[in-house]
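A.B. asks: Need the 3D shape of this:
(chains A and B)
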Number of protein chains: 2
Amino acid sequence: MKAITVTNPDDPSSLELTEVDTPQLRDGEVLVKVHATSVNRADLLQAKGNYPPPKGASEIIGLECAGVIEDPGTTGRTTGEEVACLLSGGGYAEYVAVPEGQLLPIPEGYSLSEAAAVVEVACTVWSNLGMLAGVREGQTVLLHGGAGGIGTFAIQLCKQLGATVAVTAGSAEKLETCRKLGADILINYKEQDFAEELTGRCDVILDIMGAKYLEQNLKSLNVDGQLVIIGMQGGRKAEINLGALLPRRLSVRGTTLRARSVESKAEVVRSTVENVWPLLDDGRVTHHIHTTLPLADAAKAHALLDSGEVTGKIVLEVGEV
Amino acid sequence: MKAITVTNPDDPSSLELTEVDTPQLRDGEVLVKVHATSVNRADLLQAKGNYPPPKGASEIIGLECAGVIEDPGTTGRTTGEEVACLLSGGGYAEYVAVPEGQLLPIPEGYSLSEAAAVVEVACTVWSNLGMLAGVREGQTVLLHGGAGGIGTFAIQLCKQLGATVAVTAGSAEKLETCRKLGADILINYKEQDFAEELTGRCDVILDIMGAKYLEQNLKSLNVDGQLVIIGMQGGRKAEINLGALLPRRLSVRGTTLRARSVESKAEVVRSTVENVWPLLDDGRVTHHIHTTLPLADAAKAHALLDSGEVTGKIVLEVGEV
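C.D. replies: Below is the predicted model:
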C-alpha cells in the first residue's frame, strides 16, 4: 500500500507517499481502508523524531481516520462498514489496523472526511474535561489556543456542559471564531496577561503550553481548581510553588491519549461515544475544518499547521493515491 | 476563661495559660466547654507565627477538641450534649465557639480525650484519601510519616478500603508500629530511597514533605497516580518536570483542611461521619495516642512533637485549669 513516510530523517518536511507493507492484523483488530485522516500537532513532533510511537504501534504518522472496514479479522464486524477510528499511529496511509475498541460510528449526517476531523479532538476533550476534570454547569473553563482543533471543539462541548468559557488566542480574527462558537471571555495573549484577567476564577484549565504558563495558570485557578496539561509547547521544566496549591486545593494533572493502553483507549472511546456522539448527531457540537488537502500534500499540511494560521482541523483525503 | 497564648511573640515555647475573653457566639455556632484538645503540627507553626489563623477564626491555637455543649446558641442542640469538634482554631482553651456543621458525635465507647485525638486526623485523611483521591480496593497507597498522627490513622483506614499500604518512617521502632497497624511495605527513609523501592507502584501518595520529595514521589507513582500534598515540611519551591506527568497521567494535588470555608468543612465533617465513624464505632479503625498531658503543659507537648519521637497523637486535657 501507499503511505506517507519521512524519507529523510534529518528533514521533517520530507513527507512523501511511498510503498510500504499493508499492516498485519492482530487478534481483535480490523483492517480499515482509509478515506481520510487529519493532522494533529503530535504528527509534527513525530515527523521531527520527537514523539516516537508507543511500543507496538505503527511507525506511520496519523492518530485518527475514517474509512471502511476491509477485513473484520477475528471481530464480529462487517466488511464495508463505515467507521471512524482513534489510532495509536498509521493514519497517513491507505490501510490501517485498528483494535475494535477504537472504532466509533460515523456521526449522523457526517461525511467520512468530516468524521476524520472529530475523533482525536472529541476523545481528547472528553477524556480530559469530562472524564478527568468533570466539568459541570456553572463552572468556568479556560481553553488555551481556543481557535485550534482542540479549542474549537472544546468551546462547544463546554457550553453544552453549561460552563462559562474563557479562551486565549493570538489574533482578533481567531478570537472572533471563538466567540462565534460560544466563548464568553476572549483574551488576546499577545496583548493581555490572562492571569491578570482571570485571577482566581477558573475551575478547570485545559493547557497546551506546559512550563511557560504554569505560574499564570495556577494564579488563574479558583478554589478546587484543576489545571489539565495535554501539551508542552512552552517547555517541560518549571519551578512550582507548592505553597500555591494547598490553601486553594489546586490540582496539576497531565495526560496524553496516545500513551494509553488499548484497554484504556477503548474506555475513552466508549465514554466519548456515549456522551459526545449524541451532540454531534444533532449538531449541538460540530466539526470545524480549516481545509482539506490530498494525503500526498502532507508536507504542505504540516507547514500550514506549524504556521499558526490554522483555525480548526486540517483533513487529508486519501482518494486515489 | 483560661486559654493557652503565646506570651512572647519571639519565643514559640512561651505557651502559657492566661486569662482571655470567652468567645462570643455567632449565628449557627454552639459554645463548647472543652474537655480535651490535641496537638497538630500546624499548632507548632502557628506558635512560631508561620501559620496565621484564617480570617474570622480564633487567634488561639488548637484545631480539634471534644467536650460538652455549654450554650447551643441559635442551633437546635442540647446543653450538656457531648461532642467532638473540628476547629479553625481555639481548641487550647476552656471554651470554644464551633459552627454546628463542625460538630461530630463521640465514637462508640470513646472517652472525650480519645475523641479529641481522632477528629483532625479522620477529617484530614478521609477528605484527602476518600473524597479527593478516591482510594479503592487493590490500589497501593504510600503514606509518608507512617508513625505520626495522620499516618497511624491513615494506615488503618487504607487497609479498611482494601488498599496495599506502604509507609516511610525514620526508625525500626516506628516501622514496627506501622506494621502492627497493618502497613504492608515498610521503608526506613534514613536507609532506603523510597522511590527506588516503589518506582511506578503507587496509585496514591499522601505527602507531608512537599518540595523535598516531589521528584521521588512522581517517580513512585503508577499510571493515573495521584500525589496529594498536605504539608510542606521539606519546602515549597521545587523544579517540576511536567514531561513526567503526561505519559503516566499523573496528578499533583495540594489541600489544607483549615483554609476551607465553613460550608466546605461541614461537607468534610458529614462525609467523614458517614464513612469513617462506623469504623471507629466498632473498632476496625482506632485512635493512637502517644501520651496525654494537662493543657498547662502545652509547651512541653509542642517540644515533644517537634522532637520527632512521637508515635500517634498527643492529647491535652483541660481538667481544672
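A.B. asks: use CA for all of it now, contacts and neighbours both
C.D. replies: Will do.
A.B. asks: what residues does chain A put near chain B?
C.D. replies: A:210-211, A:229-230, A:232, A:236-243, A:245-256, A:259-260 (C-alpha under 8 Å from any C-alpha of the partner chain).
A.B. asks: For the buried ones among those, write the corresponding ChimeraX selection.
C.D. replies: Buried members of those, defined by 16 or more other C-alpha atoms under 10 Å in any protein chain shown, are picked up in ChimeraX with:
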select /A:210,211,229,230,232,236,237,238,240,241,242,243,245,246,247,248,249,250,251,252,253,254,255,256,259,260
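A.B. asks: what about A:L316, helix or strand, and which?
C.D. replies: strand A:313-317 (DSSP states H and E).
A.B. asks: centre of the chain versus that strand, how much separation?
C.D. replies: From the chain centre to the centre of strand A:313-317 is a distance of 13 Å (C-alpha atoms, centre = their mean, to the nearest Å).
A.B. asks: buried set for it?
C.D. replies: Buried, per 16+ other C-alpha under 10 Å, within strand A:313-317: A:K313, A:I314, A:V315, A:L316, A:E317.
A.B. asks: pLDDT added to the residues you listed, as a markdown table?
C.D. replies: Putting the buried residues of strand A:313-317 into a markdown table (pLDDT from 0 to 100) gives the following:
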| residue | pLDDT |
| --- | --- |
| A:K313 | 96 |
| A:I314 | 97 |
| A:V315 | 98 |
| A:L316 | 98 |
| A:E317 | 98 |
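A.B. asks: how about CSV for those residues, with distance to A:V141 added?
C.D. replies: Formatted as CSV, those follow (distance: C-alpha to C-alpha, whole Å):
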residue, distance to A:V141
A:K313, 22
A:I314, 25
A:V315, 27
A:L316, 31
A:E317, 33
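A.B. asks: Which one of those is nearest to chain B?
C.D. replies: A:K313 (23.0 Å; C-alpha to the nearest C-alpha).
A.B. asks: Sheet-wise, list the partners of the helix or strand hosting A:L31 with their directions.
C.D. replies: Element membership for A:L31 (DSSP H and E) is strand A:29-38. Counting by DSSP bridges, the strands paired with strand A:29-38 are strand A:64-71 (antiparallel), strand A:95-99 (antiparallel), strand A:313-317 (antiparallel).
A.B. asks: can you tell which of those strands is closest to B:L280?
C.D. replies: Ranking those by distance to B:L280, with C-alpha to C-alpha as the measure, places strand A:95-99 first at 48.0 Å.
A.B. asks: just to revisit the earlier point, which of the residues of chain A next to chain B fall in strands?
C.D. replies: A:I229, A:K237, A:A238, A:E239, A:I240, A:N241, A:S251, A:V252, A:R253, A:G254 (DSSP state E).
A.B. asks: Quick one: name whatever helix or strand follows the strand holding A:L31.
C.D. replies: Per DSSP H and E, the first helix or strand lying C-terminal to strand A:29-38 is helix A:41-47.
A.B. asks: Going by contacts, tell me the helices and strands next to that following helix.
C.D. replies: helix A:298-306 (3 or more C-alpha pairs under 8 Å, 6 or more residues apart in numbering or on different chains; DSSP states H and E).
A.B. asks: which helices and strands does the helix it packs on pack with?
C.D. replies: strand A:15-19, helix A:41-47, strand A:313-317.
A.B. asks: pull the helix or strand with minimum mean pLDDT from chain A.
C.D. replies: helix A:41-47 (a mean of 94; mean pLDDT, DSSP states H and E).
A.B. asks: Need the residues that contact that one.
C.D. replies: A:V6, A:P12, A:S13, A:Y51, A:P52, A:P53, A:I61, A:G62, A:L63, A:H302, A:L305, A:D306 (C-alpha atoms under 8 Å, 6 or more residues apart in numbering or on different chains).
A.B. asks: which of the residues you listed tops the neighbour count?
C.D. replies: When neighbours are counted by other C-alpha atoms under 10 Å in any protein chain shown, A:I61 leads those with 28 neighbours.
A.B. asks: Contact partners for it?
C.D. replies: A:I4, A:T5, A:D43, A:Q46, A:A47, A:G89, A:G90, A:G91, A:Y92.
A.B. asks: starting at the chain centroid, how far to stretch A:118-128?
C.D. replies: Counting by C-alpha atoms, centre = their mean, stretch A:118-128 comes out at 6 Å from the chain centroid.
A.B. asks: Check stretch A:23-33 too.
C.D. replies: 23 Å.
A.B. asks: now do the same end-to-end measure for it.
C.D. replies: 11 Å (C-alpha to C-alpha, to the nearest Å).
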